[in-house]
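S.K.: fold the following for me, if possible:
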Amino acid sequence: MPAANYLPDVLETTEAERLATGFKFTEGPLWHPDGFFYFVDLRSNKLYRIAPGQQPELVRETKEGNGTTFDLQGRIVHCEHNLRAVTRFDPATGKLEVIAERYKGGRFNKPNDVVCRSDGSLFFTDPDKRVPYQDREIPSAEENLWDAAAVYRIAPDGSIHQVALCEYPNGLAFSPDEKTLYVANTRSTKYIHALEIDAGGRMTRRRIFADMSEGDKPGIPDGLKVDSAGRVFCSGPGGVWVFTPEGRKIGVIEFPEQAVNFAFGGPDLKTLFCCAYTSVYTLRVKVPGNPHPWYRLRSK
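M.R.: Numbering: from 1, shown residues only. Predicted structure coming up:
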């Protein structure tokens with residue numbers, strides 16, 4: 001039993017099971033209640049689905065697709081870097097459409113990760129550091145002003161609003177009561193932001209939730225999820241860091257490869273499905289993940 005994975009209040013199992021390998025850079029994990037996970041091989045531009053014990057199946061080709069979520073109809077919402085846009089894909093019909101590509105007349109940088117709130121609104125991150133300065137377009141060239149990296153909201157009516165400017169926003173997730181939006185800050189300074197969000201989707205207050213800069217192990221704050229007890233899980237140096245709702249570090253879950261992103265899944269939402277560079281792994285946890293709003297609607 002690996003000592004680093006001995007987190008008795010968090011883990012039910014401590015040995016990760018590898019489901020598949022041979023990829024270039026896995027990302028965008030998402031559990032479907034029909035019994036499988038979606039994930040992407042970002043650098044191969046492919047979206048897959050995999051059921052435990054089976055081989056991955058190709059769903060579609062992407063444009064360097066990254067973070068994923070469902071909307072309230074169960075369609076896949078996807079951040080696609082090379083489109084500089086957020087897309088929506090209906091697996092039942094094969095229809096693909098762009099739902100967010102511009103703000104104040106300028107194209108987004110490279111939308112990275114996305115989450116859905118129970119009112120149907122979608123929040124996504126748009127870091128700017130991997131886009132040359134001369135290619136950044138927000139708010140617009142005519143204004144000669146350049147907004148930095150930010151978190152945005154797509155309202156149920158399709159309108160787009162800027163929620164907060166951030167240093168390098170990456171993964172994001174809501175608290176169980178949806179009043180706090182956690183945002184992983186990547187690269188130069190490693191930490192998690194906590195944005196307090198009102199019913200209309202506006203930020204009312206912000207604070208630093210947790211510092212993730214300690215130690216010298218490889219890894220950056222990236223994928224971020226919350227369990228049903230309000231504990232915050234975030235990939236970072238050495239693995240997946242786990243925090244109490246108050247921001248106290250509980251420990252780090254290690255995998256055979258560096259964890260990039262992950263999702264809670266399985267019928268009880270107690271399977272932690274981890275995308276780790278060339279492979280995808282699972283571990284079992286004791287507390288279920290915070291369910292996606294679509295899961296609740298689907299079960300009614």
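S.K.: pLDDT weak spots in the stretch 51-200 of the chain?
M.R.: 139-147 (pLDDT under 70).
S.K.: list the residues that contact residue 20.
M.R.: Listed by CB atoms under 8 Å, 6 or more residues apart in numbering, the contact partners of residue 20 are 50, 55-56, 279-280. In short, each C-beta sits where N, CA and C put it, glycine included.
S.K.: out of these, which are inside strands?
M.R.: 50, 279-280 (DSSP state E).
S.K.: highest neighbour count among those?
M.R.: residue 280 (27 neighbours; other CB atoms under 10 Å).
S.K.: quick check: that residue touching residue 18?
M.R.: Yes. Applying CB atoms under 8 Å as the test, residue 280 and residue 18 come out as touching, 7.4 Å apart.
S.K.: so where do the helices sit in the protein?
M.R.: 293-299 (DSSP state H).
S.K.: which ones are touching residue 285?
M.R.: 10-12, 227, 264, 270-272.
S.K.: picking that back up, identify the farthest-apart pair in the contacts of residue 20.
M.R.: Spatial extent of the contacts of residue 20 (CB to CB) is set by the pair 55 and 279 at 13.6 Å.
S.K.: okay, residue 91 and residue 229: tell me how far apart.
M.R.: Shown here: residue 91 relative to residue 229, a distance of 31 Å by CB to CB, to the nearest Å.
S.K.: what is the neighbour count of the residue lying closest to residue 113 once chain neighbours are set aside?
M.R.: Nearest residue to residue 113, sequence neighbours excluded (CB to CB, 6 or more residues apart in numbering): residue 67, at 3.2 Å. Neighbour count for residue 67, taken as other CB under 10 Å: 28.
S.K.: among the ones in strands among the contacts of residue 20, which one lies nearest to residue 202?
M.R.: residue 280 (36.4 Å).
S.K.: these two touch, right, residue 45 and residue 59?
M.R.: No. Using CB under 8 Å, residue 45 is not in contact with residue 59; the gap is 12.0 Å.
S.K.: contacting residues around stretch 199-210?
M.R.: The contact list for stretch 199-210 (CB under 8 Å, 6+ apart) reads 117, 121, 123, 153, 155, 161, 163-164, 181-182, 191-198, 232, 234, 241, 243, 247, 249.
S.K.: in that stretch, what's buried?
M.R.: 201, 203, 206, 209-210 (16 or more other CB atoms under 10 Å).
S.K.: so which of the contacts of residue 285 sit within strands?
M.R.: Using DSSP E, those in strands are 264, 271-272.
S.K.: which of the residues you listed has the most neighbours?
M.R.: Busiest of these [other CB under 10 Å] is residue 272, holding 29 neighbours.
S.K.: OK, contacts around the residue lying closest to it once chain neighbours are set aside?
M.R.: Using CB to CB, 6+ apart and skipping residues adjacent in sequence, the residue nearest residue 272 is residue 283, 4.7 Å away. Residue 283 is in contact with 5, 11-17, 253, 255, 271-272, 274, counting by CB under 8 Å, 6+ apart.
S.K.: which one of those is nearest to residue 102?
M.R.: Closest to residue 102, out of all of the contacts of residue 283 and judged by CB to CB, is residue 274, at 33.7 Å.
S.K.: residues contacting the closest one?
M.R.: 16, 29, 240, 255, 259, 261-262, 280-283.
S.K.: tell me what it is bridged to.
M.R.: residue 262, residue 281 (DSSP bridges).
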